[in-house]
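A.B. asks: with the sequence up front, the predicted model follows.
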Amino acid sequence: MIPRAACLLLALAAATSAPAAERLDDSASPRSRVTPRVVLTDEGRPLVASRNPTRAIVQVRQVDYRLSTARYAGRQARIYYVIPAFIPGLRSPAGLRVEWRGSLFASGTARPGERTLVWSGVVPGPWINERMDLNFQLELREVQPSADARFEFEPFFEIEVSP
C-alpha cells in the first residue's frame, strides 16, 4: 500500500509542478470581429450558389493579433493557439477544423477543445504582434444555426512560462 501512495504523491507533485497556462490578453488587437472573405462549399462554389452542400470552407485573411506579453518579457515561454471547446451552434467538435498560417507563429490545425503550440522561445518584449491567415472547414450537418444565422467563435492564445 505504501508504494502505491508514494506513486500517487509523485504523480501529484509532477502535475502541480508543470507550468500553468494563462490566457494572453489580445484586447489591443486591431479588430475583435473579422468577416470571412471567401465562403465555398466542398463543390468549390459559393455557399449561396450550391444546392446540397455538405461542407463550408471559410477563409479569413490577415487577422492581426497584438498579444500583451509585458509580464513575461525576457522569460522562456511557450504560446499555444486554442480553439474553444464549446462553440454555440456546433453539435460536435468533429464538425469544425481550423487551419492557420502565421508569420512568426508556426502553422497548424486544431479542432474545438484543442490547443496547439505555435511559438516557443524567450519573450522579446511587452507585445508580440502576429498576422495569421485562417481557414475553417465546417461540416454543415454538425451546425445548428442560431436565430440570426450567425456562427462565430473566438480562438485565443495561452502562454506557459518556464520556471
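C.D. replies: Structure received.
A.B. asks: okay, strands next: where are they in this structure?
C.D. replies: Listed in chain order, the strands of the chain (DSSP state E) span 22-23, 38-41, 55-68, 76-82, 96-102, 108-110, 115-122, 127-139, 156-161.
A.B. asks: partner strands of the first one, parallel or antiparallel?
C.D. replies: Paired neighbours of strand 22-23 in the sheet (DSSP bridges): strand 156-161 (antiparallel).
A.B. asks: output the partner strand as PDB, nothing but the C-alphas.
C.D. replies: The C-alpha atoms that make up strand 156-161 are tabulated as PDB, following Å, rounded to 0.1, in the frame of the first residue of the first chain:
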ATOM      1  CA  PHE A 156      -7.400  32.700 -28.200                       C
ATOM      2  CA  PHE A 157      -3.800  32.300 -27.100                       C
ATOM      3  CA  GLU A 158      -2.300  30.800 -23.900                       C
ATOM      4  CA  ILE A 159       1.200  31.200 -22.500                       C
ATOM      5  CA  GLU A 160       3.200  28.800 -20.300                       C
ATOM      6  CA  VAL A 161       6.300  30.300 -18.700                       C
END
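A.B. asks: which of the residues in it are buried?
C.D. replies: Under the neighbour-count criterion of 16 or more other Cβ atoms under 10 Å, strand 156-161 has 156-157, 159-160 buried. Quick note: C-beta positions are derived from backbone N, CA and C, even for glycine.
A.B. asks: which among those gets closest to Glu130?
C.D. replies: For the buried residues of strand 156-161, the minimum distance to Glu130 (Cβ to Cβ) is 8.7 Å, reached by Phe157.
A.B. asks: for that closest one, give me its contacts.
C.D. replies: 23-24, 26, 65, 67, 79-82, 118 (Cβ atoms under 8 Å, 6 or more residues apart in numbering).
A.B. asks: let's see 6 Å
C.D. replies: Phe157 sits next to 24, 67, 79 when contact means Cβ atoms under 6 Å, 6 or more residues apart in numbering.
A.B. asks: mind pulling the model confidence for Ala77?
C.D. replies: Looking at Ala77, its pLDDT reads 98.
A.B. asks: go on, Ile57?
C.D. replies: Ile57 carries a pLDDT value of 88.
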